[in-house]
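Participant: The following block contains a protein sequence and its predicted model.
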Amino acid sequence: MQRTVPSLPLAPSVKVKLLHAGFQLATDLTDMCPLQLCKAAAISHEEAVEVLQMLRCDTQSPGEAATEGITALDLLHKEQAQGSIVTFSSRLDDALGGGVPVGKTTEICGAPGIGKTQLCMQLAVDVQIPVCFGGLGGKALYIDTEGSFVVQRVADMAEAAVKHCSLLAEDTEQKQALEELTVEKVLSSFFLVRCHDYVELLAEVYLLPDFLAEHPEVRLVIIDSIAFPFRHDFEDLSQRTRLLNGLAQQLIQIATQHSVAVVLSNQMTTRLLNGQSKLVPSLGESWGHTATQRLILHWEGSKRLASVYKSPSQMEATIQYQITVQGFRDAQDEPRPTVESSAVSSPSGNSS
């Protein structure tokens, strides 16, 4: 049975405008783009995006997966076959169970300057590492909402990744793969989209399934950051909640149906807990349940730490990392005192 417009979970005023414009069934709206719908129904562009976003999520029947008769063992094999994207920090990869998983959503939270964007760019480079080197040999789509993307930084990370693989090359297959693994190839396999507000972001995510269908080699989708477009210009917070919930559901569907890793960076905000001010991830508690796993980057003095805060398969863990010229890396162990430093501090004062 086809779903009617009055039965859709939309604001009453929007339903009235759709009905007055002659839209009776949900199927009447599915082939329209946001601009066409806002003109045809005399609704705002934001409302048009919300309607189409809701329809895309609503058309995914909850019974479809059950009718396929997939078993838990089939699902396990499928998840294992999809693989993970390494971070170039062996300690973080271990904490995540091998890296950032494909087919799931991962949220990276942290204060400004802690390295969220650095990790996002590192993942966009690492997803392109050839399969023979333990990578996925895929491409990346990077949606920048803050304007913090720096292409030279990606080029530096790509150059370091190419050098790293060249040191590991042993057999003929790896040496042949190195011929195509160049900085220029990495940059040309890196799709970049700039979104200036939440309307552009919602529209971009709405078009993502079509883009991924045309580019099946894309294995990673990054939104850096998810919070920035939604932190301002919202008088109606219930509308923001609806848009975020719809966005979260669509990103989950994109990750599972298109076998891509979806990575979302998120900002931190201050909240009063037990009379004390504490930094917590933005967008509220309900948003915190949407991503499959959550990673929180934070400071401890001058040390950068990454904590696996939420994961369905991994235990909570905290590792130390550093941001180097080459990119996101394991932190070096504390250096031991050298012979020279011991001699200088010798009680005898003898400098020889």
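Facilitator: That came through, no problem. Numbering: from 1, shown residues only.
Participant: surely residue 282 meets residue 265?
Facilitator: No - between residue 282 and residue 265 there is no contact under Cβ atoms under 8 Å: 10.5 Å. Bear in mind the C-beta positions are built from the backbone N, C-alpha and C, glycine included.
Participant: where do the contact lists of the two overlap?
Facilitator: residue 109 (Cβ atoms under 8 Å, 6 or more residues apart in numbering).
Participant: Count the residues that sit near residue 327.
Facilitator: 27 (other Cβ atoms under 10 Å).
Participant: Mind checking which of residue 282 and residue 265 has more residues around it?
Facilitator: Taking other Cβ under 10 Å, residue 282 and residue 265 do not tie; residue 265 has more neighbours (25 against 19).
Participant: Run through the helices of the stretch 101-250 of the chain in chain order.
Facilitator: Ranges of helices in the stretch 101-250 of the chain, per DSSP state H, counting those that start in this stretch, are 116-126, 151-168, 172-180, 183-188, 198-214, 237-257.
Participant: got the angle between the longest one and helix 198-214?
Facilitator: The one in question is helix 237-257. 10 degrees (axes from the mean of the first three to the mean of the last three Cα atoms, to 10 degrees).
Participant: which residues touch helix 237-257?
Facilitator: Contacts for helix 237-257 (Cβ under 8 Å, 6+ apart): 50, 53-54, 56-57, 60, 102-105, 198, 201-202, 205-206, 208-209, 212, 221, 226, 230, 234, 260-262, 264, 283-284, 286-287, 290-292.
Participant: likewise stretch 298-313?
Facilitator: Here stretch 298-313 has contacts from 89, 92, 95-97, 109-111, 114-115, 279, 288, 291-297, 314-323, 331, using Cβ under 8 Å, 6+ apart.
Participant: Give me the buried entries from those residues.
Facilitator: Applying 16 or more other Cβ atoms under 10 Å to the contacts of stretch 298-313, the neighbour count classes 89, 92, 95-96, 109-110, 114-115, 288, 291-297, 319-321, 323, 331 as buried.
Participant: Let me have the helices of the stretch 101-250 of the chain in TSV, extended by mean pLDDT and distance to residue 304.
Facilitator: Listed next are the helices of the stretch 101-250 of the chain as TSV, based on pLDDT from 0 to 100; distance: least, Cβ to Cβ, whole Å:
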stretch	mean pLDDT	distance to residue 304
helix 116-126	97	10
helix 151-168	95	17
helix 172-180	91	31
helix 183-188	96	25
helix 198-214	93	28
helix 237-257	89	27
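Participant: Quick one, which of the ones you listed gets closest to residue 32.
Facilitator: Proximity to residue 32 (Cβ to Cβ) singles out helix 198-214 among the helices of the stretch 101-250 of the chain, at 11.1 Å.
Participant: tell me which residues of the closest one are tucked away?
Facilitator: Applying 16+ other Cβ under 10 Å to helix 198-214 flags 198, 199, 200, 201, 202, 203, 204, 205, 206, 208, 211, 212 as buried.
Participant: Packing partners of it?
Facilitator: helix 45-58, strand 139-144, strand 218-224, helix 237-257 (3 or more Cβ pairs under 8 Å, 6 or more residues apart in numbering; DSSP states H and E).
Participant: now for the second one, which elements pack on it?
Facilitator: Other helices and strands packing on strand 139-144, by 3+ Cβ pairs under 8 Å, 6+ apart, are helix 116-126, strand 190-194, helix 198-214, strand 218-224.
Participant: Can I get those in a markdown table including distance to residue 149?
Facilitator: Shown next, in a markdown table, are the helices and strands packed on strand 139-144 (distance: least, Cβ to Cβ, whole Å):
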| stretch | distance to residue 149 |
| --- | --- |
| helix 116-126 | 7 |
| strand 190-194 | 7 |
| helix 198-214 | 15 |
| strand 218-224 | 7 |
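Participant: Residue 273 is nearest to which of the ones you listed?
Facilitator: helix 116-126 (22.6 Å).
Participant: and the angle for that closest one with helix 151-168?
Facilitator: 50 degrees.
Participant: Which residues outside helix 116-126 are in contact with it?
Facilitator: Contacts of helix 116-126 (Cβ under 8 Å, 6+ apart): 85-88, 100, 108-110, 135, 140, 142, 146, 148-149, 153-154, 157-158, 161, 186, 190, 220, 222, 224-225, 261, 263, 265-266, 297, 323, 327-328.
Participant: rerun at 6 Å
Facilitator: Surrounding helix 116-126, the residues in contact under the criterion Cβ atoms under 6 Å, 6 or more residues apart in numbering are 85-86, 108, 110, 140, 142, 148, 154, 157-158, 161, 186, 190, 222, 224, 265, 323, 327-328.
Participant: for stretch 12-25, same thing?
Facilitator: 2, 4, 5, 6, 29, 40, 41, 42, 43, 47.
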